[in-house]
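Asker: just to be clear, the model below is a prediction. Sequence and coordinates:
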Amino acid sequence: MRIAVTGSIATDHLMMFSGKFTDTLIAEKLDKVSLSFLVGDLEIRRGGVAGNIAFGLGCLGLRPLLVGSVGPDFAEYRAWLEAHGVETSCVRTSATKHTARFVATNDTEGNQIASFYPGAMSEDSQIDIRQIAARENVDLVLIGAGDPAAMQRYTADCRAAGIPFAADFSQQVAFLDGESMRTLIEGAAYLFCNEYEEAVIEQKTGWTSRDVLKRVQMRVITLGPAGARAEQPGAEPVTVGPVPDAKLVEPTGAGDAFRSGFLAAMAWGLSIERAIQLGNLMAVHVLETVGPQEYELKPGPLADRAAAAYGDAAASELLARLPG
């Protein structure tokens, strides 16, 4: 399966606060917030929704096609992605804007406060996804969180051209309105979200959970420390528990890694259960590393962890398809 991945391509500036945000926030004063957190660590990493998902797919041997806009400062990042199996020929370079920036501070409870500068990403709507899909024989376009105008255009173009697409709002749920969400969801092959995003989608669209599910082929909901669940119209949900004993180091990009694992397993023709299991295993790689693309994927250790978490049959099926 040839997968094109759209969405943000960014540099992440990740900081860790050695306390809890909730100890500083005062419920009665949330309308007048002026806070500064003294952080002890700063990590500058490659990231962005599209970059992270494409990286994971590349590590799994799928040779994904990354689609998006970057600045002239992207050369080192491009080389990194290419070295990890990502095709970057459809990444365009802006003449005037820097590559997007994501700045996040995490606390000891895994909570996060973040800001995002779109930069070159704001030019994504200039990219013709139909032309790329036809030229590159794309089987699925993942429409990840990025420039809202581009998300709308890609979705409309995929729907009009009959190209299967996956909807993945992630951080954009806070900015998209109900009408925009409804047009982005209708007809999606996959809708990815977490439990909070699921609630926001239903609130903004005015649709019930059942209404949303009727409009997509599959909805995949990540449940944090409880694992993940996949739902299809007219079928029983498939719920898979988490990888036990995961050690939280830094959470940025875990959801993106889950998506790469899930889509890779579906591309290999594995069951939904296996897809969730591989998604969970990929997410743990990121949770236990600082930075969304700093993990090293080794088939043997991944299979061992799969066996411990989900049994020998799962490990065997996954190992047979992992590169190397």
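Answerer: Received it, and whenever you're ready, just let me know what you need. Numbers count the residues shown, from 1 in each chain.

Asker: rest of the way, CA atoms for contacts and neighbours
Answerer: OK.

Asker: so which residues of the protein form strands?
Answerer: 3-6, 10-16, 41-47, 65-70, 91-93, 100-106, 112-117, 140-143, 165-168, 190-194, 219-222, 228-231, 238-240 (DSSP state E).

Asker: got those as CSV, with mean pLDDT columns?
Answerer: CSV is the format used below for the strands of the chain (pLDDT from 0 to 100):
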stretch, mean pLDDT
strand 3-6, 98
strand 10-16, 88
strand 41-47, 87
strand 65-70, 98
strand 91-93, 97
strand 100-106, 89
strand 112-117, 86
strand 140-143, 98
strand 165-168, 98
strand 190-194, 97
strand 219-222, 98
strand 228-231, 98
strand 238-240, 98
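
Asker: just put these in JSON lines and tack on distance to Ser125 and mean neighbour count.
Answerer: Shown next, in JSON lines, are the strands of the chain (distance: least, CA to CA, whole Å; neighbours: other CA atoms under 10 Å):
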{"stretch": "strand 3-6", "distance to Ser125": "11", "mean neighbour count": "26"}
{"stretch": "strand 10-16", "distance to Ser125": "17", "mean neighbour count": "23"}
{"stretch": "strand 41-47", "distance to Ser125": "20", "mean neighbour count": "17"}
{"stretch": "strand 65-70", "distance to Ser125": "9", "mean neighbour count": "28"}
{"stretch": "strand 91-93", "distance to Ser125": "11", "mean neighbour count": "19"}
{"stretch": "strand 100-106", "distance to Ser125": "15", "mean neighbour count": "20"}
{"stretch": "strand 112-117", "distance to Ser125": "17", "mean neighbour count": "14"}
{"stretch": "strand 140-143", "distance to Ser125": "12", "mean neighbour count": "26"}
{"stretch": "strand 165-168", "distance to Ser125": "16", "mean neighbour count": "26"}
{"stretch": "strand 190-194", "distance to Ser125": "21", "mean neighbour count": "23"}
{"stretch": "strand 219-222", "distance to Ser125": "26", "mean neighbour count": "24"}
{"stretch": "strand 228-231", "distance to Ser125": "30", "mean neighbour count": "21"}
{"stretch": "strand 238-240", "distance to Ser125": "35", "mean neighbour count": "18"}
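
Asker: between these, which gets nearest to Leu248?
Answerer: strand 100-106 (11.5 Å; CA to CA).

Asker: pull the CA atoms of the closest one into CSV?
Answerer: Output of strand 100-106 as CSV, limited to C-alpha atoms (Å, rounded to 0.1, in the frame of the first residue of the first chain):
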residue,chain,number,x,y,z
ALA,A,100,6.9,25.2,11.3
ARG,A,101,7.9,25.2,15.0
PHE,A,102,6.2,23.3,17.9
VAL,A,103,7.1,24.5,21.4
ALA,A,104,5.9,22.3,24.3
THR,A,105,6.4,22.1,28.1
ASN,A,106,5.5,18.8,29.8
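
Asker: okay, the angle between that strand and strand 65-70?
Answerer: 90 degrees (axes from the mean of the first three to the mean of the last three CA atoms, to 10 degrees).
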